[in-house]
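1. sequence-free structure coming up:
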C-alpha cells in the first residue's frame, strides 16, 4: 500500500436476527388486533350475561347487549317461551353478527299481553307481569223452593225420596 491520503473506511453493520420479525409484527398488528376483537365480540354475542329476578308479581330479565341499538332487537313471547334476538356490529368495518337467547316460562302464570322491554346503557330489561292469582272466594248458597212430584206413601213409616223437577 502506498501512503496515500486515501484510507479505507470500514462500515460496521449492526446485525439483528429479529429485525425482519419486528417489521412483520408492526405490519400485521392492526390485522391481528381486528381479528382478536372480532373473535371476542363474537364470543360475547354468543354468551350474553343475563340476570333473572322472579318476584310474586313479575319476572324481570336483564341481558347485557353492549353495542346493540333498540331497532336491532326483537323481543317476543310465544307458547311460554321468551325469545330475545338481535344483530350487533362487531370489530371494524360493517361486520355484523346475529344472536338469540330463549327463556322458557310457565305460561299458566305469566301475562303475555303486558310484556315490556327497555334498553338503557347496553342492558335490555324485559318485564313479564304475572297473572293475578285467583283469590279465595266464598260463594253464598241460596235456596229456592221446588215443587216435588209424588207424596210420601202413608203405608210406610219412613219418607221415601221422590223425583223433583
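-> That came through fine. What you are looking at is a predicted structure, and each value in this text was computed from that prediction instead of being measured.
2. so which residues of this protein form helices?
-> Taking DSSP state H as the criterion, the chain carries its helices at 19-46.
3. show the pLDDT at residue 160.
-> The per-residue pLDDT reported for residue 160 equals 63.
4. same question, residue 43
-> At residue 43, pLDDT is 62.
5. the closest residue to residue 70 other than its chain neighbours: neighbour count?
-> Closest residue in space to residue 70, ignoring its immediate chain neighbours: residue 119 at 4.6 Å, by C-beta to C-beta, 6 or more residues apart in numbering. Bear in mind the C-beta positions are built from the backbone N, C-alpha and C, glycine included. For residue 119, the neighbour count with other C-beta atoms under 10 Å is 19.
6. ok, residue 119 - contacts?
-> Listed by C-beta atoms under 8 Å, 6 or more residues apart in numbering, the contact set of residue 119 reads 65, 68-70, 73, 125.
7. adding distance to residue 16, neighbour count and pLDDT, write those out as TSV.
-> Shown next, in TSV, are the contacts of residue 119 (distance: C-beta to C-beta, whole Å; neighbours: other C-beta atoms under 10 Å; pLDDT from 0 to 100):
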residue	distance to residue 16	neighbour count	pLDDT
65	47	24	88
68	47	20	88
69	49	12	91
70	54	12	93
73	53	19	94
125	56	15	96
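8. out of the residues you listed, list just those in strands.
-> Those of the contacts of residue 119 mapping onto strands are 73, 125, per DSSP state E.
9. pull the most distant pair out of the contacts of residue 119.
-> 69 and 125 (15.5 Å; C-beta to C-beta).
10. that older thread, now distance to residue 147 too, for the contacts of residue 119, in TSV please.
-> Shown next, in TSV, are the contacts of residue 119 (distance: C-beta to C-beta, whole Å):
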residue	distance to residue 147
65	72
68	74
69	75
70	70
73	68
125	65
